[in-house]
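**Q** Sharing a sequence plus its predicted fold:
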Amino acid sequence: MKKLTSLLISVMIFFQIGLISTAFTDPNASPFNGKKYTHDDRFKKHEIINGLDISSYQTDANFSKIKKAGANYVILRAAYRGWGKVGSLNKDTKFTSYAKAATEARLDVGAYIFSQAITVKEAEAEADYIIKIVKDYKITLPLVFDYEYGPSGTRLDAAKLSKSSKTDICLAFCKRVESKGYTAMVYANQSMLTGDLNDDTIAKNYDIWLANYNYRPYYQGNFYDCDYQFWQYTSTGKANGVSGNLDCNFRYYKKPAKVKNLTISSEKAEKTTLKWDKIKGVYGYQVYRHDENTDKYVKICTVKGAAKTSYSDKTSIGGSYTYKVRAIIAHNGSFASGSFSDTVTSTGIFKTSVNSTLSSNILNWNTIESTAEYIIYRGTNADGSNLSEIARCDSVTTTYEDLQANNFKTYYYQVKSYNGDNQDGTEGKYLPSPIVKAKKTQPSLTKTYLKTNTSAYLKWSKVKGADGTEIWRKKGNGNYKLIKTINNNIKNEYIDKKLTKGVNYKYKIRQFVKTNDTLSYSSKTACKTVKPMAKAVISAKSYKTRVSITTQKVNGASGYEYYMKVDKKYILIKRTSNRSYTKKHLLKNKKYSFRVRAYTTANGKMIYGSYSKTVTVRTTR
């Protein structure tokens, strides 16, 4: 990154700091310029790791050589916003090839965007832009918001934003990045961090990358005392494998802290959801679950992103499970892990399923340890308010067939695990399964259409085990009436004949089962409508050489055919969806006769209504 005049190297600093403080006591030499730098005492227990940030300014980077020169990581420029008024976003031309090569060299890789954002919305757009660029690459270090001024009068400088506004912009970028499963960091020089940003606000939730080109982080008489994790100490480093000046950095590494406050936030039949506190700066978290068969904890998931602090275990069906979580962070081409959280244990939940036929409902459930018996309940309300006990099963049984379930009726079931009475004779504990719905298969009308303009074709899906079908019809605004009973389940189609033209017909069917002398019925299907077309009604208006014909709307029609009488025969002159048509190029003062019929398409065939009465008109002189 190219630093501007706001960060100056002072030749007086070394002497001045020596007089002011002795807090910096851990010198470390840079492999990129041979000089020694002094680190704050807070980093005494940290591993100090060397790395570079690289962009298209470095045109010939060889990352294998860079690693041999002493770099353990690189932070690559992925994008930048122009510092002009428009502030367009641009991808770094070297990012794609450099990201691939750095990963192949087993370097830890991060990425940054040079920002000139002047609104929260722009910062969020920059976050989305960099994520789009890096999503196909192995990014194990943070995505960085490089926030610095351009030359005087350029975009960010000219905006004259308040300290809180600029801080909000940094926070917006970080929040957006971490919501997408990455880890965020803010880069700025010491002047920017202390004078133009609320650095302590940023540092509460996100890492800081400090730029300060001194032998120790010191600027205008002040040490930098806010929390930071990276220090860019020079822009004039050199390394074998890349030409020109380089930005060089120290990374202050230590293993992640122990994950705190692991809890089970939700426990359902289909999943157990865990939550824990965020650890800033980490790559993500590993979730482990105890396996009773091996008596070992097994990793079941890696959750990527420092802010992704929840996980739903969808394989936790039945029984009780114990979990623990630890954070991981990139380190020397791999990952290092922190201490495990305290463990949490789920209470154990049933998963109950039900398969339905017309003759019975079959329930299945998973085994729950320490169960003395299972109690089966049945009801007809979805909320379980009218559940009642129908059976009990021993501790080794995990299925039950309800042969008393009424045909076609929907029932709701619940199974409870009961661990038996206590030694003192008091009642033991019940563990209920979720309520499950046993919905019987219902018939449905699969096809309903006009076969002719006076007949309707019906076809329905058959329910296995049914003994017959009833067909119900509603004519016009009347009531539904039973028009046909079919006393077998072989036939599943019917043609209703002698329909009245111009009247709508609605159909429903239901199937039935005979048990001794009793009939039980399915629900009636949703209604299906057919619309036999009425006879068309037309009018005509004549002019010198043309006649306009208008047709009243015919219910159920998709179009109209217009006919004209020629040599004692009617010929089709127009088929259209329009209800009016003008016949042109006629002779003056001559009689012409017309008629119209409506049509529709049903099951791929044309169905026609009756012809209208003939209308005869004379063209004018």
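**A** Here it is on my side, so go on.
**Q** For the rest of this, base every contact and every neighbour count on C-alpha atoms.
**A** Noted.
**Q** right, and N214 touches Y233 too?
**A** Yes - using CA atoms under 8 Å, N214 is in contact with Y233, at 6.3 Å.
**Q** Which stretches in the stretch 501-621 of the chain count as strands?
**A** Remark: strands assigned in the stretch 501-621 of the chain by DSSP state E, counting those that start in this stretch are 505-515, 518-521, 528-530, 538-542, 547-551, 559-566, 569-576, 580-583, 591-602, 605-608, 615-618.
**Q** From the chain's centroid, how far away is the third one?
**A** Centre-to-centre, strand 528-530 and its host chain are 38 Å apart (CA atoms, centre = their mean, to the nearest Å).
**Q** Each with direction, which strands does that strand pair with?
**A** Its sheet considered, strand 528-530 pairs with strand 505-515 (antiparallel) by DSSP bridges.
**Q** Same check on the second one?
**A** Strand 518-521 has the following strand partners under DSSP bridges: strand 505-515 (antiparallel).
**Q** So which bits of the partner strand are buried?
**A** Y505, K506, Y507, K508, I509, R510, Q511, F512, V513 (16 or more other CA atoms under 10 Å).
**Q** how about those in TSV, adding pLDDT and distance to K535?
**A** Listed next are these as TSV, based on pLDDT from 0 to 100; distance: CA to CA, whole Å:
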residue	pLDDT	distance to K535
Y505	98	17
K506	97	20
Y507	98	23
K508	97	27
I509	97	30
R510	95	33
Q511	94	36
F512	93	39
V513	90	43
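**Q** Which pLDDT value belongs to G195?
**A** pLDDT, G195: 94.
**Q** helix, strand or coil for it?
**A** helix (DSSP: H, G, I helix; E, B strand; the rest coil).
**Q** Leaving aside the residues adjacent along the chain, what's closest to A79?
**A** Nearest residue to A79, sequence neighbours excluded (CA to CA, 6 or more residues apart in numbering): K91, at 4.2 Å.
**Q** What is the burial count for that neighbour?
**A** Residues near K91, counting by other CA atoms under 10 Å, number 16.
**Q** Next up, the contacts around it.
**A** Shown in contact with K91 (CA atoms under 8 Å, 6 or more residues apart in numbering): A78, A79, Y80, I133.
**Q** could you redo the last one with a cut-off of 10 Å?
**A** Shown in contact with K91 (CA atoms under 10 Å, 6 or more residues apart in numbering): R77, A78, A79, Y80, R81, I113, Y129, I130, I133.
**Q** which SSE is the second one in?
**A** Which is A78. Using DSSP states H and E, A78 falls within strand 73-81.
**Q** Show me what that strand is packed up against.
**A** Packing partners of strand 73-81 (3 or more CA pairs under 10 Å, 6 or more residues apart in numbering; DSSP states H and E): strand 47-54, helix 63-68, strand 89-91, helix 95-104, strand 108-115, helix 120-134, strand 143-147, strand 242-253.
**Q** Throw these into JSON lines and include distance to A327, thanks.
**A** Output for the helices and strands packed on strand 73-81, formatted as JSON lines (distance: least, CA to CA, whole Å):
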{"stretch": "strand 47-54", "distance to A327": "18"}
{"stretch": "helix 63-68", "distance to A327": "26"}
{"stretch": "strand 89-91", "distance to A327": "32"}
{"stretch": "helix 95-104", "distance to A327": "22"}
{"stretch": "strand 108-115", "distance to A327": "17"}
{"stretch": "helix 120-134", "distance to A327": "22"}
{"stretch": "strand 143-147", "distance to A327": "18"}
{"stretch": "strand 242-253", "distance to A327": "14"}
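**Q** can you list those in JSON lines and add mean pLDDT and distance to V282?
**A** Output for these, formatted as JSON lines (pLDDT from 0 to 100; distance: least, CA to CA, whole Å):
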{"stretch": "strand 47-54", "mean pLDDT": "96", "distance to V282": "16"}
{"stretch": "helix 63-68", "mean pLDDT": "97", "distance to V282": "23"}
{"stretch": "strand 89-91", "mean pLDDT": "98", "distance to V282": "26"}
{"stretch": "helix 95-104", "mean pLDDT": "97", "distance to V282": "19"}
{"stretch": "strand 108-115", "mean pLDDT": "98", "distance to V282": "13"}
{"stretch": "helix 120-134", "mean pLDDT": "98", "distance to V282": "17"}
{"stretch": "strand 143-147", "mean pLDDT": "98", "distance to V282": "12"}
{"stretch": "strand 242-253", "mean pLDDT": "96", "distance to V282": "11"}
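**Q** D467: which of these is closest?
**A** Proximity to D467, assessed across the helices and strands packed on strand 73-81 by CA to CA, is greatest for helix 120-134 (60.2 Å).
**Q** Which strands or helices does that closest one pack on?
**A** Applying 3+ CA pairs under 10 Å, 6+ apart, we find helix 120-134 packed against strand 73-81, strand 89-91, helix 95-104, strand 108-115, strand 143-147, helix 163-179.
**Q** about what we covered before: the strand holding A78 - what's its average pLDDT?
**A** On average, the pLDDT along strand 73-81 is 98.
**Q** State the pLDDT value of the residue most central in space within the chain.
**A** The centre of the chain sits closest to K180, judged by CA atoms, centre = their mean, with a distance of 11.5 Å. K180 carries a pLDDT value of 97.
**Q** Isn't it up against G305?
**A** Yes - with contact defined as CA atoms under 10 Å, K180 and G305 form a contacting pair (7.7 Å).
**Q** Any idea what the nearest residue to V530 once chain neighbours are set aside is bridged to?
**A** Excluding the flanking residues, the one nearest V530 by CA to CA, 6+ apart is Y505, at 5.4 Å. Beta bridges link Y505 to K475, V530, judged by DSSP bridges.
**Q** repeat for the one 10 residues further on
**A** When assigned by DSSP bridges, T515 has beta-bridge partners T518.
**Q** follow-up on the earlier one: take the helices and strands packed on helix 120-134 and lay them out in TSV including distance to G428.
**A** Putting the helices and strands packed on helix 120-134 into TSV (distance: least, CA to CA, whole Å) gives the following:
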stretch	distance to G428
strand 73-81	59
strand 89-91	66
helix 95-104	59
strand 108-115	56
strand 143-147	54
helix 163-179	45
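**Q** Out of the ones you listed, which gets nearest to I486?
**A** helix 163-179 (60.7 Å).
**Q** now the next helix or strand after the closest one against strand 143-147, angle please.
**A** Sequence-wise, the next helix or strand downstream of helix 163-179 (DSSP H and E) is strand 184-189. Strand 184-189 and strand 143-147 are oriented at 30 degrees to each other (axes from the mean of the first three to the mean of the last three CA atoms, to 10 degrees).
**Q** Closest one to S455 out of the contacts of K91, please.
**A** Distances from S455 to the contacts of K91, taken by CA to CA, are shortest for Y129, at 62.0 Å.
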